[in-house]
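Asks: My questions concern the predicted model and sequence given below.
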Amino acid sequence: MRIIHVAHQQLRKYGHNRVSWGQKLYFGLIRNGHCVQAFSDRDVAAFEAPMGIRDLGKSKANKRLLQTVEAFEPDLMIVGHCDYISNETLAEARKLSPNLVIAGCNNDPLFVPENVDKIARRVTEVDAMFVSTGEQELAQFTGHRAQLLHMPNPVDSSIETFDASLCEELPTDLLFCSKETAHTSRGELVTQLKQRLPDHLVFNTPGSFEQPGVWGRDYDRALADSKMGLNLNRQEGLHWYSSARMAQMVGNGLLTFTHASGGFHEFMPEETLVYFNDLDDLAQLVTEFNQDSFKRRYWADKARTFFHQEINSTLYAQYIVESAMELPYSHPYVWLQ
């Protein structure tokens, strides 16, 4: 199948940022044997703009995408976080390629009003809309062209390569990385958790408490130095919603703590993720697992194995293609209930 994948490919990061759900989708599509043409809207806009001023290249980026559609003749176009590409351009793409199917993907949370607006605009033009929140939360977007589907955050065997579950000792006991402060009060929980945990437990918090954040190779090294990871979303309680952090930690074998309200127990095996309900619960669980290396490694290995077998980028890409093209499912995807 011929597929155009429109997403922020981060070409101008030059390798500094290298953890991306869009990149994992791209890898998965290729592993599944598709001919994939990548189109990075923000980078094309910058490359085409006078003096490299990205906003001045928005119109040109839309024209270049239509030029790509005409030349490449895709069967499917997948549009991710590509705000520069207008719905009008997608409609023009259909005229150029009348049998074209267009799928939208959105990996951002629904508690951000701007993101809700983005999805609401896209569902009027795309044929399928994949959102990283569970389908229970998607009723607000019904009644338009797009069928609405959940997509998980996958691991990728070429990206999540470390396995902390094999390690008895590592420099960091618990890792929490963050940078966003809007729409959240999670910093308060992290502050209180630091006060509750034993002094000897090493809790590394890049991006918090005036520590610089970590990206690229520094993020890889932080993960590889850690036994356990804390998956705190900016807000909890949305069905099956988690930031990509969960897959990054679980996929690297870190025992991962996540809030019970996300409902991941509905498709995750027992003794994989560690669910907590409140601060007291979390502090007790972190201390307990930190004291029991065998239990920590057993749960982490079980979770890592499950993610790499059932929530990997190859299956993820296959599911998006099959759903968008209305093909029979070739695999019992665990997130389908």
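Replies: Nice, I can see it. Residues are numbered from 1 along each chain as shown.

Asks: Flag the shaky bits of the stretch 51-200 of the chain, pLDDT-wise.
Replies: 180-184 (pLDDT under 70).

Asks: all strands for it, in order.
Replies: 76-79, 101-106, 128-131, 147-150, 172-175 (DSSP state E, counting those that start in this stretch).

Asks: so which of those strands is the most packed in?
Replies: strand 76-79 (a mean of 26; mean count of other Cβ atoms under 10 Å). Any C-beta I mention is one placed from the backbone N, CA and C, and that applies to glycine too.

Asks: can you tell which of the strands of the stretch 51-200 of the chain is closest to Arg296?
Replies: Closest to Arg296 of these, according to Cβ to Cβ: strand 172-175, at 9.6 Å.

Asks: circling back to that earlier point, may I see the strands of the stretch 51-200 of the chain organised as JSON lines, with distance to Phe27 added?
Replies: Conversion of these to JSON lines gives the following (distance: least, Cβ to Cβ, whole Å):
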{"stretch": "strand 76-79", "distance to Phe27": "13"}
{"stretch": "strand 101-106", "distance to Phe27": "15"}
{"stretch": "strand 128-131", "distance to Phe27": "17"}
{"stretch": "strand 147-150", "distance to Phe27": "20"}
{"stretch": "strand 172-175", "distance to Phe27": "25"}
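
Asks: what's the closest of those strands to Ala46?
Replies: Ala46 lies closest, by Cβ to Cβ, to one member of the strands of the stretch 51-200 of the chain: strand 76-79, at 18.5 Å.

Asks: Can you tell me the strand partners of that closest one and which way each runs?
Replies: Sheet pairing of strand 76-79 (DSSP bridges) gives strand 2-6 (parallel), strand 101-106 (parallel).

Asks: The closest residue to Glu168 other than its chain neighbours - how many residues pack around it?
Replies: Nearest-residue entry for Glu168: Ser293, 5.7 Å, with adjacent residues in sequence omitted and distances by Cβ to Cβ, 6 or more residues apart in numbering. Ser293: 13 surrounding residues under other Cβ atoms under 10 Å.

Asks: dump the residue contacts of the closest residue to Leu166 other than its chain neighbours.
Replies: Closest residue to Leu166 apart from its sequence neighbours, by Cβ to Cβ, 6+ apart: Gly253 at 6.9 Å. The contact partners of Gly253, taken as Cβ atoms under 8 Å, 6 or more residues apart in numbering, are Phe162, Asp163, Ala164, Ser165, Leu166, Cys167, Ala300, Asp301, Arg304.

Asks: Please repeat the previous calculation with a cut-off of 6 Å.
Replies: Asp163, Ala164, Ser165, Ala300, Arg304 (Cβ atoms under 6 Å, 6 or more residues apart in numbering).

Asks: Could you export those as JSON lines, including neighbour count and distance to Asn115?
Replies: Shown next, in JSON lines, are these (neighbours: other Cβ atoms under 10 Å; distance: Cβ to Cβ, whole Å):
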{"residue": "Asp163", "neighbour count": "18", "distance to Asn115": "33"}
{"residue": "Ala164", "neighbour count": "25", "distance to Asn115": "32"}
{"residue": "Ser165", "neighbour count": "20", "distance to Asn115": "34"}
{"residue": "Ala300", "neighbour count": "29", "distance to Asn115": "31"}
{"residue": "Arg304", "neighbour count": "26", "distance to Asn115": "29"}
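
Asks: List just the nearest of those residues to Arg94.
Replies: Once Cβ to Cβ is applied, the member of the contacts of Gly253 that ends up nearest Arg94 is Arg304, at 41.7 Å.
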